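In: below are the sequence and a predicted model; questions follow.
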Amino acid sequence: MRPDHDFTTSGDRKSENAAFTEYWAYPNGWLAMAVQRMGRFDIAYPAFGYLRSCQHAGQEGFLTGGPSASGEGGTDALTTAHLGLVCLYFGDVARANDAGRWLARLLDIQPDLRTGLLLRCDRCAHLVREVPEDRAALCVVRAREPDQAYFMVGYLAIRLQEISAELTGYPTT
């Protein structure tokens, strides 16, 4: 844990795994929930403080690249869904509600869900529609193509359901 309460492998290097560098706060969310469950509140709450700083100012989603990307950074479905869940673990229902609204809005602004799901918004909250092919796996799930990151759709759906259930008080099953 760094002095700013971010978790990195060393210095400013997030991980050897490029996906964790792309989705900067994602592994932090798992670590924060784990140490909270272990009763290590001395680590959990500072770590959650760092994660709160990943929410995009003026938007309800969470920054893909973490707080250091706040100037030019965009938001994405995986980070927002995951950190919305983390917010529930820490009792921050207002932020979880924000994340749920962002996820619902992402679904509402999709051009055609039958062809796929675009996963990102830019720093101005516009859906990222133009996706370079070398970044497609991180930005879109194409419905009619093999080898897609289908878990992104499932993760978004289950987190939206959990956040909705928490906010309404209704069970998810």
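Out: Thanks, I have it. Here the structure is a predicted model, which is why all the values come from computation and not from measurement.

In: can I assume Ala143 is in contact with Gln110?
Out: No - if you go by Cβ atoms under 8 Å, Ala143 and Gln110 don't touch, sitting 11.1 Å apart. Every residue, glycine included, has its C-beta placed from N, CA and C.

In: who touches both of these two?
Out: The contact sets of Ala143 and Gln110 overlap at Leu117 (Cβ atoms under 8 Å, 6 or more residues apart in numbering).

In: let's verify the spatially most central residue of the chain: helix, strand, or coil?
Out: Nearest to the mean C-alpha position of the chain, counting by Cα atoms, centre = their mean, stands Thr79 at 1.2 Å. Put simply, Thr79 is helix when judged by DSSP: H, G, I helix; E, B strand; the rest coil.

In: please look at it and Cys54 and confirm they touch.
Out: Yes - Thr79 lies in contact with Cys54 (Cβ under 8 Å); the separation is 7.4 Å.

In: now do the shared contacts for these two.
Out: With contacts taken as Cβ under 8 Å, 6+ apart, Thr79 and Cys54 have Ala25, Phe62, Leu63 as neighbours in common.

In: include distance to Gln161 when you put those into CSV, please.
Out: Output for the shared contacts of Thr79 and Cys54, formatted as CSV (distance: Cβ to Cβ, whole Å):
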residue, distance to Gln161
Ala25, 22
Phe62, 18
Leu63, 23
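
In: now those residues in a markdown table, with neighbour count?
Out: Output for these, formatted as a markdown table (neighbours: other Cβ atoms under 10 Å):
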| residue | neighbour count |
| --- | --- |
| Ala25 | 28 |
| Phe62 | 34 |
| Leu63 | 26 |
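
In: how about those residues in CSV, adding secondary structure and distance to Ala32?
Out: What follows is the shared contacts of Thr79 and Cys54, written out as CSV (DSSP: H, G, I helix; E, B strand; the rest coil; distance: Cβ to Cβ, whole Å):
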residue, secondary structure, distance to Ala32
Ala25, coil, 10
Phe62, strand, 13
Leu63, strand, 16
